[in-house]
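Asker: here are the coordinates; sequence isn't available:
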């Protein structure tokens, strides 16, 4: 009997569907972002939702890619994180 290989993260991410809301469920305190030296949210998010532009001094939140894992809210106390409205957000299916 052949042993099944574990699925790669890239393959798992391919099975995800999103139903995007018109309003973000991730609301960082931008004044705190300017003071943050580490920009931890840009590193810890597995879906690369957060990106920081040093020249513009601006954090971009691509909430439509959010996996709703909560890593950012654990890593940064300055992100107001709520679940997306009912029927919106990420939808996982077995791949």
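Answerer: Structure's in. What do you need? Owing to the predicted nature of the structure, the values given are computational and were not obtained by experimental measurement. Numbering: from 1, shown residues only.
Asker: distance of the closest residue to residue 69 other than its chain neighbours from residue 57?
Answerer: For residue 69, ignoring the flanking residues on the chain, the nearest one in space by Cβ to Cβ, 6 or more residues apart in numbering is residue 46 at 6.5 Å. (Glycine included, C-beta is placed from N, CA and C.) Separation of residue 46 from residue 57 (Cβ to Cβ, to the nearest Å) stands at 25 Å.
Asker: and if you look at residue 25?
Answerer: For residue 25 relative to residue 57 (Cβ to Cβ), the value is 24 Å.
Asker: For the residue sitting nearest the centre point of the chain, list the residues it contacts.
Answerer: Nearest to the mean C-alpha position of the chain, counting by Cα atoms, centre = their mean, stands residue 66 at 3.6 Å. Counting by Cβ atoms under 8 Å, 6 or more residues apart in numbering, residue 66 touches 25, 26, 47, 49, 84, 89, 90.
Asker: which residues of the protein fall in strands?
Answerer: Ranges of strands within the chain are 17-19, 26-28, 50-53, 58-61, 79-81, 89-91, based on DSSP state E.
Asker: between those strands, which one is nearest to residue 70?
Answerer: Taking Cβ to Cβ, strand 79-81 is the member of the strands of the chain nearest to residue 70, at 6.8 Å.
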